[in-house]
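Asks: what's the 3D shape of this:
(one chain, ligands or ions: 1)
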Amino acid sequence: MWRDLRRVLGLWRAHRTLLLLGGLVACLAALAGVALLALAGNGVALGLHHGIAAAAVGSLFLLRPLILLRPVLRWSERMTTHAATFRALADTRVWFFRRLADRLPAGLGLRRAGDLLGRLVSDVEALDGLYLRALVPIAAAAVSVVAIAAILGWTSPALMAVVCLPLALALLLPPILAPVAARNAARVAEARGTLRAEAVEPLLGLEDVLSVNGEAAAAARLAEAGRQQARAERRASRASALGGAAGTVLTQLALLGALAWGVLAWGTGHAGDTAAQALLAVPALFLALAAAENLAAVPRAGLALAGAGAAARRLLDAADAPVPVAVPASPAPAPKGHAIRFEDVRFRWSPERPEVLDGLTLEIPEGARVALLGPSGSGKSTVAALLLRLADPQNGRITVGGTDLAAMAPEAVRTRISCLTQDARLFDDTVAANLRLADPAASDAALWQALERARVADLVRALPDGLDTRCGEGGARFSGGQARRLALARALLSPAPVLILDEPAAGLDVSAERAFLETLGEATAGRTVLLIAHRLLGVERPTRVLRMVGGRALPATA
Ligand SMILES: Nc1ncnc2c1ncn2[C@@H]1O[C@H](COP(=O)(O)OP(=O)(O)OP(=O)(O)O)[C@@H](O)[C@H]1O
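Replies: The predicted structure is shown next:
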């Protein structure tokens, strides 16, 4: 847990000044509280001993500026610590997103979308506990205990020991509670992830769930996940309540210690000395009250530490997954041409999965339109995935313009090779924003040109907000054929000279499929095209037709 939390703090290095400033202001606010109650206690003791005038001249006079300063410090603490946390968490979210993007290019694999969403949102948020609810309150409490010890030690070391010993024990609660709390927090985080996955997945595939009357089963799984989460939360709050109670007992022991010390001093002191000694207990009582306020958050800090530790583990667990493709330390210079060659490529998705490509050799000259056919599962999309460098072959090599893809950065590969699939997704954003994914700097004129080439410009022109019309979740505003054309327009905006079309018209009715393929033929003229399909309709005009058989690409006539 500690190592994970140290790594998280390392991620926040860029904000260390603000984070330290927040901690410093919190400590000053805690010290102001101690000073306020020390002066108040001293004033009361002076008043009791020498009369109200002495109290007013002595301590009570100094109280006024402190009374004004304290809320200002508390306000500044809030503002600084929260600003620091929000910035640190925003960075963590982007860092985690990038790590996922590097590790999941070939899809989620065995991970669940809802669970990853949970890690990206809830677990990152839980990290705020590390700073806001653990480090800052512990630092403020520790500083105030040291100040109280210094004040009391100056007047009476015995009184200091009686008051500060329970306070020091209260400060040890976070590391004592953290290991138990860490186990509880890990269970809670796991249960929340499962609950989120059980809620998100049926909603993402709601049509399929409803079409087989699966909502009752999905709801039952959701309810069970909810029960598991409640159980984990109950266990964690029991531990939290115990920690809180232990903290309260210890701060009250400090209070009782000061009181007992005063009573004993009164009972056992000698003549004139007695009252002065006993009155020392008054500021000590006030200081114990100040400590109670500053230490109130400390038991919960142990739980916050544990919660942040569990969240950090879940984040790092996903973020440290091995990268599927190695990025070369010094990438090869950009290739001049873009002819593609597969040379005796062997590939399986993981060691335990069967081989998909078994010595594939394939050439796609510049400007060619190669159709790659084959039954389901024969490895056609795997060829596309390797070309996009979503995965690397175990044997053999793939070159573009004579340069091995393995020597190129994945982003450099994707500026040369782009892909349009049957699953090409429109995001719930404007038409323009969806298109600009392929070229963020594209002008409106370039967008319209791409839309014209994809034969969907008239449709967009007729929309109430034109390019600014929102597409809806998954492009729900458009029919399948329209969405496919918008996705084609996006692919056309990419400057990549090589375009992979992976069953781009699958799922459309026969006439829409034919019309779309005709559009594709015209729109992709001048580019090198690899068309992946189960069959040809006769409108594709390929220069070469190959068929995947046993992990190899053979001429279609063979
Ligand atoms: N991202 C992936 N992770 C793990 N295995 C995968 C992945 N993509 C494909 N596979 C596996 O590789 C094998 C070949 O699948 P692939 O999608 O390449 O075939 P295909 O010919 O394109 O099939 P279809 O025509 O049905 O799309 C299958 O066993 C599939 O389960």
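Asks: so what are the domain limits for this structure?
Replies: The chain is divided into the following domains under automatic domain parsing: 2-319, 340-555.
Asks: where among the ones you listed is the average confidence lowest?
Replies: The stretch with the lowest mean pLDDT among these is domain 2-319, at a mean of 81.
Asks: Quick check: phi and psi on the spatially most central residue of the chain?
Replies: With distances taken as CA atoms, centre = their mean, the chain has Leu120 as the residue nearest its mean C-alpha position (2.8 Å). For Leu120, the backbone dihedrals are phi -70, psi -30 (criterion: degrees, to the nearest 10).
Asks: so it makes contact with Trp95?
Replies: No: using CB atoms under 8 Å, Leu120 is not in contact with Trp95, being 10.7 Å away. Glycine gets a C-beta too; all of them are placed from N, C-alpha and C.
Asks: related to what we said a few turns ago, could you dump the domains of the chain to CSV with distance to Pro328?
Replies: Shown next, in CSV, are the domains of the chain (distance: least, CB to CB, whole Å):
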stretch, distance to Pro328
domain 2-319, 14
domain 340-555, 6
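Asks: Among those, which comes closest to Ala329?
Replies: Across the domains of the chain, Ala329 has its closest neighbour in domain 340-555 (10.3 Å, CB to CB).
Asks: Does the ligand have contacts with the closest one?
Replies: Yes: with CB under 6 Å from any ligand atom as the criterion, the ligand is reached by domain 340-555 at Trp349, Val356, Gly374, Ser376, Gly377, Ser378, Gly379, Lys380, Ser381, Thr382.
Asks: In helices, which of those residues appear?
Replies: Mapping the residues of domain 340-555 next to the ligand onto helices (DSSP state H) picks out Lys380, Ser381, Thr382.
Asks: which residues touch the first one?
Replies: This points to Lys380. Leu372, Leu373, Gly374, Asp502, Ile532, Met548 (CB atoms under 8 Å, 6 or more residues apart in numbering).
Asks: Okay, and the beta partners of the fifth one?
Replies: What that stands for is Ile532. Beta-bridge partners recorded for Ile532 (DSSP bridges): Leu372, Asp502.
Asks: can you pull the contacts of it?
Replies: The contact partners of Ile532, taken as CB under 8 Å, 6+ apart, are Ala371, Leu372, Lys380, Ser381, Val383, Ala384, Ile500, Leu501, Asp502, Glu503.
Asks: and those, which are buried?
Replies: Using 16 or more other CB atoms under 10 Å as the burial test, the contacts of Ile532 include Ala371, Leu372, Lys380, Ser381, Val383, Ala384, Ile500, Leu501, Asp502, Glu503 as buried.
Asks: check contacts around the first one.
Replies: Going back to what we said before, that points to Ala371. Residues counted as contacts of Ala371 (CB under 8 Å, 6+ apart) are Leu531, Ile532, Ala533, Leu536, Glu540, Pro542, Arg544, Val545, Leu546, Ala556.
Asks: for the fifth one, same thing?
Replies: For Val383, the contacting residues are Phe342, Leu357, Leu360, Leu362, Leu372, Leu530, Ile532, Met548, Ala553, taking CB under 8 Å, 6+ apart as the criterion.
Asks: On the three-state scheme, the first one is what?
Replies: Here Phe342 takes the strand state, with states given by DSSP: H, G, I helix; E, B strand; the rest coil.
Asks: hang on, it packs against Leu360?
Replies: Yes: with contact defined as CB under 8 Å, Phe342 counts as touching Leu360 (5.0 Å).
Asks: Now do the shared contacts for those two.
Replies: With CB under 8 Å, 6+ apart, Phe342 and Leu360 have common neighbours Val383, Gly396, Ala553.
Asks: Just confirm Ala329 is within a helix.
Replies: No: under three-state DSSP, Ala329 sits outside any helix and is assigned coil.
Asks: any idea how far it is from the ligand?
Replies: 26 Å (CB to the nearest ligand atom, to the nearest Å).
Asks: go on, Ala38?
Replies: Using CB to the nearest ligand atom, we find Ala38 at a distance of 66 Å from the ligand.
Asks: before we move on, back to that, show me the contacts for the residue nearest to the centre of the chain.
Replies: Leu120 makes contacts with Arg93, Phe96, Phe97, Leu100, as judged by CB under 8 Å, 6+ apart.
Asks: Same question for Gln252.
Replies: Neighbouring residues of Gln252 by CB under 8 Å, 6+ apart: Ala292.
Asks: In this protein, where's the longest helix?
Replies: In the chain, assigned by DSSP H, the helix with the most residues is helix 215-268.
Asks: which of the contacts of Lys380 lies closest to Arg461?
Replies: Asp502 (29.1 Å).
Asks: okay but the closest one is in contact with Ser418, surely?
Replies: No: counting by CB under 8 Å, Asp502 does not reach Ser418; the two are 11.2 Å apart.
Asks: so what's in contact with those two at the same time?
Replies: Common contact partners of Asp502 and Ser418 (CB under 8 Å, 6+ apart): none.
Asks: neighbours around Ala197, how many?
Replies: For Ala197, the neighbour count with other CB atoms under 10 Å is 21.
Asks: now the one 3 residues further on
Replies: By other CB under 10 Å, 17 other residues sit near Val200.
Asks: can you check Leu69 too?
Replies: The local packing of Leu69 (other CB under 10 Å) involves 15 other residues.
Asks: Cross-check the contact I'm expecting between it and Ala32.
Replies: Yes: the pair Leu69 and Ala32 qualifies as a contact (CB under 8 Å) at a distance of 5.6 Å.
Asks: The strand or helix carrying Arg314 - contacts with which helices or strands?
Replies: Per DSSP states H and E: Arg314 is located in helix 298-319. On a contact count with 3 or more CB pairs under 8 Å, 6 or more residues apart in numbering; DSSP states H and E, helix 298-319 meets helix 2-11, helix 61-103, helix 124-126, helix 136-155, helix 157-171, helix 173-204, helix 215-268.
Asks: The ligand: which of the ones you listed is closest?
Replies: Comparing those against the ligand with CB to the nearest ligand atom, the closest turns out to be helix 61-103 (12.5 Å).
Asks: got a list of what the residue nearest to Arg70 when sequence neighbours are not counted touches?
Replies: Spatial nearest neighbour of Arg70, chain neighbours left out: Ala32 (4.6 Å); criterion: CB to CB, 6 or more residues apart in numbering. Counting by CB under 8 Å, 6+ apart, Ala32 touches Leu66, Leu69, Arg70, Leu73.
Asks: Can I get the buried ones among those residues as something I can paste into ChimeraX?
Replies: Selection command for ChimeraX covering only the buried members of the contacts of Ala32, criterion 16+ other CB under 10 Å:
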select :66,70,73
